[in-house]
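Undergrad: Let's see this in three dimensions:
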Amino acid sequence: MSDQIPPPSAQEEQVVDPAAHTRIPIKIEEALGAAAMAIICLISFGNVVVRYATNISFAFTEEFSVFLLVFMTFVGSSAVFATGEHIRISFFLDRMPRGLRWLTEVVIFLVTTALFSLILYYAAEFTWDQWYWGETSPGLGYPAWLYSVWLPVLSVAIILRIIGRAWAHLRRGPKAYNPDGGPRDA
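TA: Reported below is the predicted structural model:
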């Protein structure tokens with residue numbers, strides 16, 4: 001038995017960073033998502049400790065936790081669309097010819113952009129209504145639009161990430177298509 005590690009194969013050496021094509025670093029989304037998760041953990045833990053010690057619960061924890069969870073979901077969606085790690089069912093896609101896979105990915109980009117454009121539109125309308133009518137949050141009485149304004153803002157971020165990924169995909173063309181973003185296989 002040898003204690004030496006075998007050299008990596010040629011295929012392992014061609015690992016490409018999925019976010020290499022992005023102009024805006026993915027670290028922004030990662031930091032925002034980590035901060036949101038940390039705040040959720042801190043306020044939830046604090047609420048548990050205070051409830052255990054005093055039998056009284058903080059009023060703001062649920063309101064802030066729900067907002068931060070939605071915020072974290074949208075920030076995470078932006079990051080995974082930029083890197084191409086979004087959820088997809090590839091059973092049929094993997095069995096298609098290269099050109100058809102490329103075309104299917106283009107359709108997926110269009111449908112996803114349309115979906116988040118609808119979310120952008122309706123979230124902006126929802127936020128506007130909350131601001132216009134002066135709605136307040138039920139727990140703390142803060143203006144409700146402070147929570148919902150992030151939905152259209154982060155929808156724009158997701159759409160821009162999808163467009164960036166689609167542009168990189170379209171530039172390569174169907175002959176160079178590899179769904180993982182790496183170099184073309186032989």
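
Undergrad: Now the most centrally placed residue in the chain. Nearest residue, chain neighbours left out?
TA: Geometric centre of the chain, nearest residue: residue 77, 1.2 Å, by CA atoms, centre = their mean. Leaving out its chain neighbours, the residue that sits closest to residue 77 by CB to CB, 6 or more residues apart in numbering is residue 158, at 5.4 Å. C-beta here means a position set from N, CA and C on the backbone, and glycine is covered the same way.

Undergrad: CA atoms only for whichever strand or helix holds that neighbour - export them in PDB, please.
TA: Per DSSP states H and E, residue 158 falls inside helix 150-172. Only the C-alpha atoms of helix 150-172 are listed here, as PDB (Å, rounded to 0.1, in the frame of the first residue of the first chain):
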ATOM      1  CA  TRP A 150     -36.900  44.100  -0.400                       C
ATOM      2  CA  LEU A 151     -39.000  41.800  -2.600                       C
ATOM      3  CA  PRO A 152     -38.900  44.000  -5.800                       C
ATOM      4  CA  VAL A 153     -35.300  45.100  -5.000                       C
ATOM      5  CA  LEU A 154     -34.000  41.500  -4.700                       C
ATOM      6  CA  SER A 155     -36.200  40.400  -7.700                       C
ATOM      7  CA  VAL A 156     -34.200  42.900  -9.800                       C
ATOM      8  CA  ALA A 157     -31.000  41.400  -8.400                       C
ATOM      9  CA  ILE A 158     -32.200  37.900  -9.400                       C
ATOM     10  CA  ILE A 159     -33.200  39.000 -12.900                       C
ATOM     11  CA  LEU A 160     -29.800  40.700 -13.400                       C
ATOM     12  CA  ARG A 161     -28.100  37.500 -12.300                       C
ATOM     13  CA  ILE A 162     -30.200  35.400 -14.600                       C
ATOM     14  CA  ILE A 163     -29.500  37.800 -17.500                       C
ATOM     15  CA  GLY A 164     -25.800  37.600 -16.800                       C
ATOM     16  CA  ARG A 165     -25.900  33.800 -16.700                       C
ATOM     17  CA  ALA A 166     -27.900  33.700 -19.900                       C
ATOM     18  CA  TRP A 167     -25.500  36.100 -21.700                       C
ATOM     19  CA  ALA A 168     -22.600  33.900 -20.800                       C
ATOM     20  CA  HIS A 169     -24.600  30.900 -22.000                       C
ATOM     21  CA  LEU A 170     -25.600  32.500 -25.300                       C
ATOM     22  CA  ARG A 171     -22.100  33.700 -26.000                       C
ATOM     23  CA  ARG A 172     -20.700  30.200 -25.900                       C
END
